[in-house]
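A.B. asks: here is a sequence together with a model predicted from it:
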Amino acid sequence: MRLGRNAAAFIRAARVAHLATADAGGQPHVIPICFVFDRNEFFSPIDEKPKQTSPRLLKRLKNISENPKVSLLVDRYEEDWQKLAYVLVLGTAKILLRGKRHDRAVGLLRRKYPQYRSMALEQRPIIRIAPARAVSWSLLKPGFRS
């Protein structure tokens, strides 16, 4: 998947995205996430913010184990509708527990989010999303579509 320059810059500047997963039966589940994009893949940690269950039992991880197809929405809403924009990424997710990609993702996440510098991300799962296709839209920049 190749993104246009404007869409890639929009994604890199975003602080939050929405991850959509579905279980084996197709029941959707959407949550806001922190993430990084390295121009090839997306990474999102299961961080130390309070959770209602243990990290490994989270619905998003269970869903990815049952059905690795995911969508990731990076969007911007403004009351001035001329500034509306989004990038919708369709891809395949995998849960990383260790390894070079995991270590690299930890470093990228810590550079983007100061809050992660004091969290033990190296000991926690990270979701890797390999994008297959992206659709983008913006009224602000006609060349934004990818």
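C.D. replies: Everything's here; your move.

A.B. asks: rest of the way, CA atoms for contacts and neighbours
C.D. replies: Noted.

A.B. asks: tell me the centre residue of this protein?
C.D. replies: F35 (4.7 Å; C-alpha atoms, centre = their mean).

A.B. asks: what sits closest to that residue if chain neighbours are left out?
C.D. replies: Nearest in space to F35, with sequence neighbours left out and distances taken as C-alpha to C-alpha, 6 or more residues apart in numbering, is S44 at 4.5 Å.

A.B. asks: OK, contacts around that neighbour?
C.D. replies: The contact partners of S44, by C-alpha atoms under 8 Å, 6 or more residues apart in numbering, come to 33-36, 126-128.

A.B. asks: beta partners for it?
C.D. replies: Beta bridges link S44 to I127 when assigned by DSSP bridges.

A.B. asks: and if you look at Y86?
C.D. replies: When bridges are taken as DSSP bridges, the partners of Y86 come out as D75, W137.

A.B. asks: re earlier: who are the contact partners of the residue nearest to the centre of the chain?
C.D. replies: The neighbours of F35, taking C-alpha under 8 Å, 6+ apart as the test, are 15-17, 42-45, 109.

A.B. asks: looking at those, which is nearest S71?
C.D. replies: Nearest to S71 among those is A17, at 10.2 Å by C-alpha to C-alpha.
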